[in-house]
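>>> Quick one: sequence and predicted model below, then my questions.
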Amino acid sequence: MLSITDLHVSPEGPEEASILKGVSLEVKRGEVHALMGPNGSGKSTLAKAVAGHPDYHVTKGQIDYEVDGKKVGLLDWEPDERARAGIFLGLQYPVEIPGVSNENFLRTAFNEVCKAQGLEEMDPYDFDQYLREKLDLLEMDGSFLKRSLNEGFSGGEKKKNEILQMAVLAPRLAFLDETDSGLDIDALKIVAKGINSLRAQHNAIVLVTHYQRLLNYITPDFVHVISDGLIVKTGDSSLALELESKGYDWVVRA
Amino acid sequence: MSFKSKVKEKYKYGFVTDIEMEEFPKGLDERIVGLISEKRKEPTWLLDWRLKAYETWKKMDEPRWAALDIGSIDYGEISFYARPKSKKPKYKSMDEVDPELLATFDRLGIPLLERKRLAGVAVDAVFDSISLGTTHQEELDKFGIIFCSMAEAIEMPPELVRKYLGTVVPRRDNYFAALNSAVFTDGSFCYIPKGVRCPLDLSTYFRINAAETGQFERTLLIADEGSFVNYLEGCTAPQRDENQLHAAVVELVALKDATINYSTVQNWYAGDEKGKGGIYNFVTKRGHCLGENSSISWTQVEAGSAITWKYPSCHLVGENSRGSFYSVALTNNRMQADTGTKMIHVGKGTKSTIISKGISAEESVNSYRGLVKVMPGAHGAKNYTQCDSMLIGDRCRANTFPSIEVGNKTAKVEHEASTTKIGEDQIFYCRSRGMDMEKTVGLMINGFCQEVFKKLPLEFSEEAVKLLEMKLEHSVG
């Protein structure tokens, strides 16, 4: 459903040095991929480029996405168009929006996606019911919904909230950027349980992570190691364990 | 992400009603003041009052202390009285109002005829210098509530207008109040009797239509002991290349245990993107909380006018009386707003709350100016002020000019202020969840202003959100 070919990305236009220097990646329906690598290797950049973050300029290569049986090039799509087509990015640092309640944010986003995909919008009552189920999944209580979006949330709460958004929006393709960072062990388990329950034959998940520990709970089909803007190694879940014991150096040097 | 400079704001109220008008010759002198009074068949005391105001005005200078760049106003080029020519000198009921005028109000979303009119809201419809009529009067009459145009009220016993006119905003209060006192035409008058909770929301809709005129309405609201009223006002004007002057005065009086909630959605024509045209809005609004436990609340959404100069204020005289000011001021293009409030604490245990939200975009200037003054006798007075500014783009300006004067040691005064930019991170976050730019801005504006919006009556608050979204369309992106 996603094929990335020879992707080059630089932060502020072509004159800047590229962060991604020719990444190719194929993600199919029903798969879970883990994208690992040392700090600054370009993991997050890849996730943001797929979501269409305006600060990341694609200078070469392409991102193709299959939507409703058709293959489309994503590069000309605005971030909101991508999201409405089922692409989700769980942020490493979720943004605070004072005054906008979590519930209102979720409902607005949900209805925008529904509208675009030809589904019926939900009224606040039905949405509330729908939302309760998702909250239970992540062991979050209802008070979360009334609070301003991410404002004053702890690191763990913010990350849970990202997964809640994912659960609500039910994306076809989700990139989760370091969702595990800043989580204590209990929160990690809950978040992993949430992600596992969202794993399905019709969607795909890409976990961007620095550490193996999230992968103790979510077994990926593929593990890719990205280093200095290139995917340098791909393997199955055992690769993650190997990285855990040996560190990144051996792959990076190879 | 870059902020585009393209602004093509649609102002859907910019139309002109084609109707024959009766207008006074341009310019202002004693004769014009006399003619206005004569036209309105006023008693001598009022003519004298106007003439004194005119004398005062002549000796005053335009205020120049605000953070506003005001083009010169030529008072000799303004007609101070304009009314639609009609077969009837005075409309006995709405059915007699000319169809063009009824159609105008329909188009503004304020249907006036009985079969079409809004339920739950009584409306006084003011067109240029005159009131066309007031709806629901019979219903209000059952409660002893008087709600009518100022012209009607002046004739009415027991001379409440004479008793209260100018007691809250004196003639010499400021340049524009003096001007208004000399030439004021219709605004609304309202009296809520003792112990009555007004069963309807009362509202006045102001429409400027004629060119090269000004609107100088005056409104007076009196809430007797233990009464309660919600009052709303709205206003629009045609889109023209020339500036037009609107200099209004609003006076509120709340007696013991009375509550007045006064809301405004101001959407005068604001000029084009180059700053050509638009209304100069110079308004004096003030309320006296005279009785103990009385309460006056000003809520305003200021989204129009080339220039807004407006400080709805409260004099908290009665013990334990309360004043509040909830404001959203939005400026776009070359608009300028200098707005805020004065809370004067006179009585013991008086409380005031000020929540001001300024949003500026493009090359506009948006200033909050406020005074919190605690007089020596105001033991235990409390004020809380919060001023938040939101900047959109990097060419606009936001200023905050708070003054605090505390003359009593037991008073507690708090002031908080913040400035935020709509962050690109926030925009991306919303967009990555499927919201387009318009939804994103709407969501954030709504979030930023929600403390104020929730003070508005429900229909107004929805309208206010839409209005702000429309005003900012194309400024963010």
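Okay, I see it.
>>> May I ask which helix or strand encompasses B:Lys90?
Following DSSP states H and E, there is no helix or strand that holds B:Lys90.
>>> For it, give its distance to chain A.
Between B:Lys90 and chain A the computed distance is 48 Å (C-beta to the nearest C-beta, to the nearest Å). Bear in mind the C-beta positions are built from the backbone N, C-alpha and C, glycine included.
>>> Check what pLDDT that residue gets.
For B:Lys90, the pLDDT comes out at 76.
>>> do A:Pro14 as well
59.
>>> Give me the average confidence score over stretch B:23-40.
pLDDT averaged over stretch B:23-40 gives 95.
>>> Please save the CA atoms from it in CSV.
The C-alpha trace of stretch B:23-40 is given here as CSV (Å, rounded to 0.1, in the frame of the first residue of the first chain):
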residue,chain,number,x,y,z
GLU,B,23,-31.2,63.8,4.5
PHE,B,24,-30.1,67.0,6.3
PRO,B,25,-27.5,69.2,4.6
LYS,B,26,-24.0,68.3,5.4
GLY,B,27,-22.2,69.9,8.3
LEU,B,28,-22.9,70.7,12.0
ASP,B,29,-24.1,73.9,13.6
GLU,B,30,-26.7,75.0,16.1
ARG,B,31,-29.3,75.1,13.3
ILE,B,32,-28.7,71.4,12.5
VAL,B,33,-28.9,70.5,16.2
GLY,B,34,-32.2,72.4,16.4
LEU,B,35,-33.5,70.6,13.2
ILE,B,36,-32.7,67.2,14.6
SER,B,37,-34.6,68.0,17.8
GLU,B,38,-37.5,69.5,15.8
LYS,B,39,-37.7,66.5,13.5
ARG,B,40,-38.0,64.3,16.5
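>>> Tell me how many other residues surround residue 69.
Using chain A. Applying other C-beta atoms under 10 Å in any protein chain shown, we find 5 residues neighbouring A:Gly69.
>>> oops, I was thinking of chain B
The burial count for B:Asp69: 10, using other C-beta under 10 Å.
>>> Go ahead and confirm it touches B:Asp338.
No - applying C-beta atoms under 8 Å, one finds B:Asp69 not in contact with B:Asp338, separated by 10.5 Å.
>>> Give the residue spans of the stretch 1-150 of chain B that score low on pLDDT.
By pLDDT under 70, the low-scoring segments of the stretch 1-150 of chain B are B:1-9, B:87, B:89.
>>> Name all residues that make contact with the most centrally placed residue in chain B.
Nearest to the mean C-alpha position of chain B, by C-alpha atoms, centre = their mean, lies B:Thr264 at 5.2 Å. Counting by C-beta atoms under 8 Å, 6 or more residues apart in numbering or on different chains, B:Thr264 touches B:232-234, B:298-302.
>>> how about the host helix or strand of A:Asp6: buried residues?
In the assignment (DSSP H and E), A:Asp6 maps to strand A:2-10. Across strand A:2-10, burial judged by 16 or more other C-beta atoms under 10 Å in any protein chain shown covers A:2, A:4, A:7-10.
>>> one step back: okay, the contacts of B:Thr264 in CSV with pLDDT, neighbour count and secondary structure next?
What follows is those, written out as CSV (pLDDT from 0 to 100; neighbours: other C-beta atoms under 10 Å in any protein chain shown; DSSP: H, G, I helix; E, B strand; the rest coil):
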residue, pLDDT, neighbour count, secondary structure
B:Leu232, 94, 21, strand
B:Glu233, 93, 24, strand
B:Gly234, 91, 22, strand
B:Trp298, 98, 27, strand
B:Thr299, 96, 27, strand
B:Gln300, 96, 28, strand
B:Val301, 95, 28, strand
B:Glu302, 95, 24, strand
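>>> Okay, helices next: where are they in the chain?
No chain specified, so I'll use chain A. A:43-51, A:79-84, A:102-116, A:124-137, A:143-146, A:155-169, A:185-198, A:237-246, A:249-253 (DSSP state H).
>>> ah, I was thinking of chain B
For chain B, the helices defined by DSSP H occupy B:30-39, B:44-59, B:99-107, B:137-141, B:150-155, B:160-164, B:175-183, B:424-431, B:437-453, B:458-472.
>>> Please identify the deepest-packed of those helices.
helix B:175-183 (a mean of 26; mean count of other C-beta atoms under 10 Å in any protein chain shown).
>>> got the angle for that helix vs helix B:30-39?
On the basis of axes from the mean of the first three to the mean of the last three C-alpha atoms, to 10 degrees, helix B:175-183 is oriented at 60 degrees to helix B:30-39.
>>> How much space separates the residue of chain A found nearest chain B from B:Leu443?
At 3.0 Å from chain B, A:Gly99 is the closest residue in chain A, using C-beta to the nearest C-beta. For A:Gly99, the distance to B:Leu443 (C-beta to C-beta, to the nearest Å) stands at 9 Å.
>>> repeat for A:Gly37
From A:Gly37 to B:Leu443 the distance is 35 Å (C-beta to C-beta).
>>> re the thing from before, against A:Asn161, how distant is the residue of chain A closest to chain B?
16 Å.
>>> Check A:Leu91 too.
In terms of C-beta to C-beta, A:Leu91 sits 10 Å off from A:Asn161.
>>> Nearest spatial neighbour of A:Leu89, chain-adjacent residues omitted?
With sequence-adjacent residues excluded and distances taken as C-beta to C-beta, 6 or more residues apart in numbering or on different chains, A:Leu89 is closest to A:Ala51, at 3.8 Å.
>>> Would you mind confirming that the one you found makes contact with A:Arg82?
Yes - with contact defined as C-beta under 8 Å, A:Ala51 counts as touching A:Arg82 (6.3 Å).
>>> what is in contact with those two at once?
B:Ser432.
>>> Need the nearest residue in space to B:Glu155, chain neighbours excluded.
B:Lys41 (7.8 Å).
>>> give me phi/psi at the one you found?
Main-chain torsions, B:Lys41, degrees, to the nearest 10: phi 50, psi 50.
>>> So the closest residue to chain A within the stretch 201-350 of chain B versus B:Gly347, what's the distance?
Going by C-beta to the nearest C-beta, chain A is nearest to B:Val328 of the stretch 201-350 of chain B, at 12.1 Å. Distance, B:Val328 to B:Gly347, by C-beta to C-beta: 29 Å.
>>> With neighbour numbers in mind, choose between those two.
The neighbour comparison of B:Val328 against B:Gly347 (other C-beta under 10 Å) goes to B:Val328, with 27 against 23.
>>> And the pLDDT at the more buried one?
Confidence for B:Val328, expressed as pLDDT, is 96.
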